[in-house]
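S.K.: Mind looking at a prediction? Sequence and model below.
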Amino acid sequence: MRNHEALELTYYAGDALIHALMNWFDPTPRPFEPVGRSHRAELESYVRYRHETAAPQTIKLFDAATNRRFDFPLTTEQNLYSLSWFDLDRLFSLEYDVLRVMRNDAGKIAVLISLVPINRKTMSYLMDHPCSRLISPALQKKSLSGSPFRNIPARASLSI
């Protein structure tokens, strides 16, 4: 994914907090790259590392749109929340390119996100998943048959 695609992704996938968080990493976003089954060991290593190093953290952020600086405190539990549901087997079973990583200068994973399309094939996953469960009432399985979403992939969940 090229830089302009990363900027577009953050525009659609987030609000002021996500935009500020992306600025926290680098003023020019690094490209996201898709990862799949062949990256399984690296993904598992990243998740293990995140669990082993989890600690309370305060992220200092700046939102260029509002010209405001703010702190975003996270407890250890909040730092690990996005990983508590992380299930590689289930994500790979969706048969879509749903996992993306952003790497640091050393080439190691710095950010891991999942972007799941909204359609009949993924609806069961989305209805079970804690991050997308909130949209479930608006996206009942039966409503997808006549919906413009039935074949169009769209962002449904985000994990950073």
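M.R.: Nice, thanks for sending it over.
S.K.: For the residue lying closest to F70 once chain neighbours are set aside, give its distance to Y81.
M.R.: In this structure, F70 finds its nearest non-sequential neighbour in L61, 5.6 Å apart by C-beta to C-beta, 6 or more residues apart in numbering. Backbone N, C-alpha and C define where each C-beta goes, glycine included. Going from L61 to Y81 by C-beta to C-beta, to the nearest Å gives 18 Å.
S.K.: neighbour-wise, which of the two wins?
M.R.: Shown here are L61 and Y81; by other C-beta atoms under 10 Å, L61 has more neighbours (18 against 13).
S.K.: The more buried one and V98, how far apart?
M.R.: The spacing between L61 and V98, counted by C-beta to C-beta, is 26 Å.
S.K.: So V116 belongs to a strand, correct?
M.R.: No. Assigned with DSSP: H, G, I helix; E, B strand; the rest coil, V116 falls outside any strand and is coil.
S.K.: Number the chain from 23, please
M.R.: Sure, I'll start counting at 23 from here, so that last one is V138.
S.K.: can you count the residues close to it?
M.R.: Count around V138 with other C-beta under 10 Å applied: 23.
S.K.: That one contacts S154, doesn't it?
M.R.: Yes. Assessed by C-beta atoms under 8 Å, V138 is found in contact with S154 at 7.1 Å.
S.K.: quick one: which helix or strand includes the spatially closest residue to L134 that is not a sequence neighbour?
M.R.: Of all residues not flanking L134 in the chain, V123 sits nearest, at 5.4 Å (C-beta to C-beta, 6+ apart). Assessed by DSSP states H and E, V123 sits inside strand 121-125.
S.K.: Show me which residues of stretch 125-142 are buried.
M.R.: Neighbour counts using 16 or more other C-beta atoms under 10 Å place I131, V133, L134, I135, S136, L137, V138, P139, I140, N141 of stretch 125-142 among the buried residues.
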